[in-house]
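K.L.:
Output the structure for:
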Amino acid sequence: MDPTVSGFLSRAVQQEADIARLKADIARLQNGKMQDGSDEEDQVSPELQKLRAANDKLKFRITHLKRNIEAEKGQSDDCMPDINEVLKDVFGDAIRAAFPDLADPVIAVTTSQQQRFGDYQCNSAMGLAQQLKALGQKVAPREIAQNIISHVGENDIIDKLDIAGPGFINIHLKKTFVCPILNKILTRGVLPPSVGEKKKVIIDMSSPNIAKEMHVGHLRSTIIGESISRLLEFVGHNILKLNHLGDWGTQFGMLIAHLEDQFPNYREESPPLQDLQTFYKASKVRFDNEEEFKKRAYALVVRLQAHDPDIIKAWKLICEISYREFNKIYDKLDIHNLIPRGESFYQDLMGDVVKELDGKGFLEFDEGRKIMFVPDTTIPMTIVKSDGGYTYDTSDMAAIRQRLHDEKGDWILYVIDAGQGVHMQCVFSGAKKAGWYDPTKNRVEHIGFGVVLGEDKKKFKTRSGDTVKLKDLLDEGLKRALDKLKEKGRHEVLSPEELEAAQQSVAYGCIKYADLCHNRVNDYVFSFDRMLDDKGNTAVYLLYAYTRIKSIARLAKLDQEAITKAAASVAVSLDHEKEWKLAKCIIKFPSIITKILDDLYMHTLCEYLYELSTTFTEFYDVCYCVEKDKQTGEVVKVNMDRILLCEATAAVMSKGFSILGLKEVSKM
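P.N.:
The predicted structure is shown next:
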């Protein structure tokens, strides 16, 4: 054991013995009550009170030292501190030491909204006053705040504490705590906060239908799911992204029947089938109008379900063509490692699901169907249809069971539109009822989102009323991005390769960011004009801001090696108020990540990046990084500590972009 802790422990043990001796003396006199009927606490000796107070402080210091020692032992060099959590630990210890009778004290720490109220605030006093009042103790919040401060021990984080208003504790950070974090960003890169045990996370996302083109309805699931997966990968979790494709069902009967007619030798020679959408429409027309074709289609579905080799080959051929088309979209959106695992994968597992649920007595007969009632809903799931067939309920129950049992998923996240909320809740409740997972051990969650609207505030469609194809949307984004860059005259200063990189960065970045910067549960209006605006909280504004920041080091003729070397030796002063404000904003990044890990709302990251960018602008407007001769334009002075602040800002922005799926460029 650490010698310091050992010393405190021995003193605490001695004082506990002294307290016990004095209590025994008192007990012999009054047997728990004084002769006048007053409580023992009212008439304890000053010696006992002094010992108790000293002992409480020792207990607090022991707890604090143990926590610090464990933190030092467990601290990974691959993490950044979450300031909010660090301060919650400090004030949590202080509050528990100040008010040991409270079983679950309020611990509230937040960033200050105004500089005059410090850097952070502990706002626990008002809540603690209510908790103490419930115990019959009336204490003013300001007095509570003072008591908390008196129990905050010396540490490397807090410079000073003061009380504002009725009991808000203003927290002022030490610059000596902040500077090493900035240097670590510059020498080690932007690292995640510590998240404890790493989890296996399965993300169900995108989910288009085979033989149909991806459309705007698939946009949000794809973009939100990818961003969440990048976030979770960043903090070290093991991610499995699954594309729950619509690759099974009666529609394949008509597709295969049409394939046999159009390409009868498909078994020996791969047919030159490119436009599956047109092929699908043609087969649907025949299915609706030709009775013999319809009968043959139904017969082929039976053969498909029986795994007839020839029919399976035709089915696989159709699926592979779709995969190729889907992957063109995913490549443009920089989405990789998305495993196609559609409804077909779970077909052979559904029989076991039915058998298990039936064996546990969860299934009931209802007009020939087998249904299952689950908690928190009055609508039962249909597990087996009256004709013996299975349903989406059966398929989704098989999927969640496989992901929990076979894949050993700790978190199962379904990135599916909010309209599926009731269905997903039924599936989750059914899985809990079946005993497949424990909500205290597994995180099973529906990541719902609203729909994409046109500028008329109705569902986003083409002028002819058709669903907007995702390919057409991305192509339109490329065209408009190029027009925007040419409008700014960028084609005259960028090489063709740089212009193309900027075009793709802006086009795909603005589409992703416009989706992610909104609270995902809300609908949002799709507007290229708004997306491509270079003012306000848009991808274009942030990408321009990033390239501007990166150009400062180039102006100072500093390469990455020189910056890394300087970061290891130059102390960032943070003397100017705007330097300090920017530094505090930079180191807030881990707290932002921690918050998003809790609720998975990606717009929080977008808002932070916008705040960081505007805070940088405030800094850059008044703090000269590179000073030039007014006559010659030659660089006469480089303020290296400010260059380091610029580079730390750019590093955090770049990591934020990476999580959101944006690609920054050095020139734009």
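K.L.:
And residue 661, how far from residue 171?
P.N.:
Separation of residue 661 from residue 171 (C-beta to C-beta, to the nearest Å) stands at 35 Å. Where C-beta positions appear, they are placed from N, C-alpha and C, glycine not excepted.
K.L.:
For those two, indicate the residue with more neighbours.
P.N.:
More neighbours surround residue 171 than the other of residue 661 and residue 171, with 26 against 23 (other C-beta atoms under 10 Å).
K.L.:
Tell me the pLDDT of the closest residue to that one other than its chain neighbours.
P.N.:
The shortest distance from residue 171 to any residue other than its chain neighbours is 4.1 Å, reached at residue 120 (C-beta to C-beta, 6 or more residues apart in numbering). On pLDDT, residue 120 comes in at 97.
K.L.:
Checking my notes, residue 242 in a strand, right?
P.N.:
Yes: secondary structure of residue 242 (DSSP: H, G, I helix; E, B strand; the rest coil): part of a strand.
K.L.:
right, and it touches residue 221 too?
P.N.:
No: counting by C-beta atoms under 8 Å, residue 221 is not a contact partner of residue 242; they are 11.8 Å apart.
K.L.:
okay, and the common contacts of those two?
P.N.:
Listed as contacting both residue 242 and residue 221 by C-beta atoms under 8 Å, 6 or more residues apart in numbering are residue 205.
K.L.:
hey, C-alpha coordinates of the host helix or strand of residue 325 in CSV?
P.N.:
In the assignment (DSSP states H and E), residue 325 maps to helix 309-332. C-alpha atoms of helix 309-332 as CSV (Å, rounded to 0.1, in the frame of the first residue of the first chain):
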residue,chain,number,x,y,z
PRO,A,309,-29.8,-25.3,-56.4
ASP,A,310,-30.9,-23.7,-59.7
ILE,A,311,-33.3,-21.3,-58.0
ILE,A,312,-30.7,-20.4,-55.3
LYS,A,313,-28.2,-19.6,-58.1
ALA,A,314,-30.7,-17.3,-59.8
TRP,A,315,-31.4,-15.6,-56.4
LYS,A,316,-27.7,-15.2,-55.7
LEU,A,317,-27.2,-13.7,-59.1
ILE,A,318,-29.9,-11.0,-58.5
CYS,A,319,-28.5,-10.3,-55.0
GLU,A,320,-24.9,-9.9,-56.3
ILE,A,321,-26.0,-7.4,-58.9
SER,A,322,-27.7,-5.4,-56.2
TYR,A,323,-24.7,-5.6,-54.0
ARG,A,324,-22.5,-4.0,-56.7
GLU,A,325,-24.9,-1.1,-57.1
PHE,A,326,-25.3,-0.6,-53.4
ASN,A,327,-21.5,-0.6,-53.0
LYS,A,328,-21.1,2.2,-55.5
ILE,A,329,-23.2,4.4,-53.2
TYR,A,330,-21.4,3.2,-50.0
ASP,A,331,-18.0,4.0,-51.7
LYS,A,332,-19.1,7.5,-52.5
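K.L.:
After that helix, which helix or strand is next? Please name it.
P.N.:
strand 338-340.
K.L.:
Now do the strands in the stretch 451-600 of the chain.
P.N.:
Under the criterion DSSP state E, counting those that start in this stretch, the stretch 451-600 of the chain contains strands at 452-453, 524-525.
K.L.:
List the neighbours of the last one that are in contact with it.
P.N.:
What it means is strand 524-525. Outside strand 524-525, the residues touching it (C-beta under 8 Å, 6+ apart) are 450, 452-455, 457, 514-515, 518.
K.L.:
most neighbours, which of the residues you listed?
P.N.:
Ranked by the number of neighbours (other C-beta under 10 Å), those place residue 515 first, at 25 neighbours.
K.L.:
What is the burial count for the nearest residue to that one once chain neighbours are set aside?
P.N.:
Distances taken as C-beta to C-beta, 6+ apart put residue 223 closest to residue 515, at 4.9 Å, once the chain neighbours are dropped. Applying other C-beta under 10 Å, we find 27 residues neighbouring residue 223.
K.L.:
what residues are up against the residue lying closest to residue 557 once chain neighbours are set aside?
P.N.:
Spatial nearest neighbour of residue 557, excluding adjacent residues (C-beta to C-beta, 6+ apart): residue 635 at 7.3 Å. By C-beta under 8 Å, 6+ apart, the residues touching residue 635 are 555-557, 626-629.
K.L.:
Just the buried subset of those, please.
P.N.:
556, 626 (16 or more other C-beta atoms under 10 Å).
K.L.:
is it possible to export the contacts of residue 635 to JSON lines including distance to residue 216 and pLDDT?
P.N.:
Formatted as JSON lines, the contacts of residue 635 follow (distance: C-beta to C-beta, whole Å; pLDDT from 0 to 100):
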{"residue": "555", "distance to residue 216": "42", "pLDDT": "91"}
{"residue": "556", "distance to residue 216": "45", "pLDDT": "91"}
{"residue": "557", "distance to residue 216": "46", "pLDDT": "91"}
{"residue": "626", "distance to residue 216": "45", "pLDDT": "93"}
{"residue": "627", "distance to residue 216": "50", "pLDDT": "90"}
{"residue": "628", "distance to residue 216": "49", "pLDDT": "87"}
{"residue": "629", "distance to residue 216": "54", "pLDDT": "83"}
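K.L.:
how far away is residue 274 from residue 202?
P.N.:
Using C-beta to C-beta, residue 274 is found at 33 Å from residue 202.
K.L.:
Neighbour count for these two, which is higher?
P.N.:
Taking other C-beta under 10 Å, residue 274 and residue 202 do not tie; residue 202 has more neighbours (25 against 10).
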